[in-house]
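> this one's structure only:
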């Protein structure tokens with residue numbers, strides 16, 4: 001099954017965009033979910049129009065495929081700002097909340113090592129949450 005990587009970003013006007021890293025598809029919306037749905041609609045529209053026009057389209061679209069969505073750091077921090085505090089993120093990532101604030105407000109861009117650190121910390125936190133048994 002083909003995996004398609006798509007990046008979710010929040011624009012300065014509060015809307016979201018999603019775009020495929022190695023494919024030509026994208027979408028926009030008032031939320032991340034709306035942007036994802038718009039991109040999927042655009043993909044379906046493109047395939048159907050190509051079939052109707054007897055044009056070519058990527059052959060992987062005939063098979064099952066998976067879209068793997070990834071946020072850029074600033075958009076992730078914005079998207080979950082009402083749920084995850086910077087002080088809480090500091091505790092699980094070890095990155096000072098002032099630095100996280102800079103990433104959130106796009107004052108600085110995290111180095112790849114910092115991105116990996118944030119990603120690993122959030123995945124570890126998610127695994128801990130999944131192990132909760134009530």
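Received, thanks. All figures in this text were calculated on a predicted structure; none of them were measured in a lab.
> Ramachandran coordinates for residue 13?
Per-residue torsions, residue 13: phi -90, psi 0 (degrees, to the nearest 10).
> Next: residue 3.
The phi/psi pair for residue 3 (degrees, to the nearest 10) reads phi -110, psi 130.
> Could you name the specific helix or strand carrying the residue lying closest to residue 16 once chain neighbours are set aside?
Closest residue to residue 16 apart from its sequence neighbours, by CB to CB, 6 or more residues apart in numbering: residue 35 at 4.1 Å. C-beta coordinates here come from the backbone N, C-alpha and C atoms, glycine included. Assessed by DSSP states H and E, residue 35 sits inside helix 32-53.
> Summarise which helices and strands the following helix or strand past that helix is packed against.
Scanning forward in sequence from helix 32-53 by DSSP H and E, the next helix or strand is strand 65-71. The helices and strands touching strand 65-71, judged by 3 or more CB pairs under 8 Å, 6 or more residues apart in numbering; DSSP states H and E, are strand 2-10, helix 32-53.
> For residue 19, find the nearest of these.
Comparison of the helices and strands packed on strand 65-71 against residue 19 by CB to CB identifies strand 2-10 as nearest, at 5.8 Å.
> Residues in contact with the worst-scoring helix or strand of the chain on mean pLDDT: which ones?
Within the chain, no helix or strand scores below helix 73-79, which has a mean of 88 by mean pLDDT, DSSP states H and E. Helix 73-79 is contacted from outside by 8-10, 16, 32, 71, 84, 89, 100, 103-106, 109-110, 114-115, 118, using CB atoms under 8 Å, 6 or more residues apart in numbering.
> What does the pLDDT read for residue 72?
Note for residue 72: predicted pLDDT of 89.
> can you count the residues close to the nearest residue to it once chain neighbours are set aside?
In this structure, residue 72 finds its nearest non-sequential neighbour in residue 9, 5.4 Å apart by CB to CB, 6+ apart. Close neighbours of residue 9, defined as other CB atoms under 10 Å, add up to 17.
> residue contacts, residue 9?
By CB under 8 Å, 6+ apart, the neighbours of residue 9 are 16-19, 71-72, 75.
> Fine by me, we can end here.
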